[in-house]
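Student: here are the coordinates; sequence isn't available:
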């Protein structure tokens with residue numbers, strides 16, 4: 001089965017309301033949707049997390065892969081990333097994520113050709129109901145959606161998730177300039193939902209080591225399950241470990257350094273960050289050997305999220321809930337999406353390959369948004385018409 005063509009389409013996936021984090025306000029994500037078509041007419045789907053991947057895929061990698069055997073994934077990696085250690089040594093990892101999206105599509109093709117869900121190709125499922133957290137943060141108002149601009153409103157939002165969807169696994173932004181605001185959010189969630197609620201927090205490296213030290217004791221008393229990127233460097237995280245028993249996680253997927261420094265306790269990643277599903281399988285295996293947890297992060301469309309679901313179904317070591325912004329993403333580019341957790345879980349798709357179907361109409365709409373407005377993740381000026389109001393970060 002030969003590859004006939006490869007197409008990468010940048011899109012915008014808007015959140016229903018912008019949320020506040022250390023870098024300002026985020027109104028959505030701008031991934032790239034990849035389609036790999038074979039001479040037999042099958043189309044495999046993949047997703048890269050950055051719009052910069054589109055040009056690399058369309059202008060460079062596609063030319064290297066057209067005419068090759070779609071089942072030869074190792075060969076595809078060799079022609080796209082022939083010097084892996086050299087590629088990893090540069091600061092821009094876009095080429096790695098670009099190939100990772102193509103590799104995901106090749107796995108999807110393999111499943112479709114053999115009429116098997118991806119988890120079966122990976123060895124079978126150890127679970128089919130995949131755990132996810134629901135997300136919380138200070139949020140501005142969106143299109144027809146009232147945001148949560150105070151800790152009290154955030155806690156009430158979490159109570160609503162619990163009552164409506166059975167959510168007891170929560171993760172949220174803990175990165176306000178004044179950490180007392182974030183701390184008050186967690187206090188109120190714990191007070192309103194009790195000890196049975198799992199609460200994880202993500203600081204995105206917002207705090208100095210001295211500030212993180214002061215926060216450690218009250219966060220321990222609140223029973224925080226995990227603290228993602230509490231400080232800016234791994235060395236500071238190692239020092240913070242002396243003052244804090246809460247497990248740490250990070251997006252910095254340097255396992256050799258983690259083993260040397262004895263932090264973090266978990267990595268948070270996705271297949272394309274590693275260069276594809278195959279390399280993520282090997283990375284998670286190394287994490288299991290080292291006793292370091294792994295789970296997937298959030299913000300992808302139904303395509304990337306489906307890949308998470310299959311990997312978590314097949315890999316027993318991914319034991320903790322994955323992150324989820326599903327509830328905050330009102331639109332998806334798959335017919336099946338957006339996924340929505342119920343009682344903390346999402347069922348793995350049972351269709352061939354990734355088990356999701358591309359919505360041409362939604363893909364066109366999201367690409368048109370990107371073409372007309374540029375990518376998401378911009379800093380917004382509240383003084384300009386059409387932008388949302390600034391949230392109380394301090």
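Tutor: Noted; the coordinates are in hand. The structure presented is a predicted model; accordingly, all values stated were derived computationally and were not measured. Numbering: from 1, shown residues only.

Student: Output the residue ranges of the strands in the stretch 1-150 of the chain, listed in chain order.
Tutor: Assigned by DSSP state E, counting those that start in this stretch, the strands in the stretch 1-150 of the chain fall at 3-10, 13-21, 24-29, 32-38, 43-48, 129-131, 134-136.

Student: Determine which of the ones you listed approaches residue 280 most closely.
Tutor: strand 43-48 (13.1 Å; CB to CB). For glycine as for every other residue, the C-beta is placed from the backbone atoms N, C-alpha and C.

Student: Which elements pack onto the closest one?
Tutor: strand 32-38, helix 94-114, helix 271-274, helix 302-314 (3 or more CB pairs under 8 Å, 6 or more residues apart in numbering; DSSP states H and E).

Student: do that again at 7 Å, thanks
Tutor: Judged by 3 or more CB pairs under 7 Å, 6 or more residues apart in numbering; DSSP states H and E, the packing partners of strand 43-48 are strand 32-38, helix 94-114, helix 302-314.

Student: what's the most buried one of these?
Tutor: Most buried of those, by mean neighbour count (mean count of other CB atoms under 10 Å): helix 302-314, with a mean of 27.

Student: Distance from the chain centre to that helix, please.
Tutor: Mean C-alpha position of helix 302-314 versus that of the full chain (CA atoms, centre = their mean, to the nearest Å) differs by 11 Å.

Student: and that helix with strand 24-29, angle?
Tutor: Helix 302-314 runs at 90 degrees relative to strand 24-29, counting by axes from the mean of the first three to the mean of the last three CA atoms, to 10 degrees.

Student: what helices or strands is helix 302-314 leaning on?
Tutor: Judged by 3+ CB pairs under 7 Å, 6+ apart, helix 302-314 is in contact with strand 43-48, helix 118-121, strand 129-131, helix 277-290.

Student: got the ones you listed as a markdown table, with mean pLDDT and mean neighbour count columns?
Tutor: Listed next are the helices and strands packed on helix 302-314 as a markdown table, based on pLDDT from 0 to 100; neighbours: other CB atoms under 10 Å:
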| stretch | mean pLDDT | mean neighbour count |
| --- | --- | --- |
| strand 43-48 | 98 | 27 |
| helix 118-121 | 98 | 21 |
| strand 129-131 | 98 | 20 |
| helix 277-290 | 97 | 18 |
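
Student: Kindly reformat these as JSON lines and extend each row with distance to residue 169.
Tutor: Putting these into JSON lines (distance: least, CB to CB, whole Å) gives the following:
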{"stretch": "strand 43-48", "distance to residue 169": "24"}
{"stretch": "helix 118-121", "distance to residue 169": "22"}
{"stretch": "strand 129-131", "distance to residue 169": "7"}
{"stretch": "helix 277-290", "distance to residue 169": "20"}
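
Student: Select, out of the strands of the stretch 1-150 of the chain, the one closest to residue 115.
Tutor: Smallest distance to residue 115 across these (CB to CB): 13.9 Å, for strand 43-48.

Student: partners of the closest one in the sheet?
Tutor: Strand 43-48 sits in its sheet next to strand 32-38 (antiparallel), going by DSSP bridges.

Student: Point out where this protein drops to low pLDDT.
Tutor: Along the chain, the parts satisfying pLDDT under 70 run over 85-92, 377-394.

Student: now with 50?
Tutor: Scanning the chain with the threshold set as pLDDT under 50 gives 379-394.

Student: got the domain boundaries for it?
Tutor: According to automatic domain parsing, the chain comprises the domains 3-115, 121-347.

Student: Can you add distance to residue 355 and give the ones you listed back as TSV?
Tutor: TSV is the format used below for those (distance: least, CB to CB, whole Å):
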stretch	distance to residue 355
domain 3-115	8
domain 121-347	6
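
Student: before we move on, the earlier item: compare the helices and strands packed on helix 302-314 and give me the one nearest residue 75.
Tutor: Set against residue 75 and scored by CB to CB, the helices and strands packed on helix 302-314 come closest in helix 277-290, at 12.1 Å.
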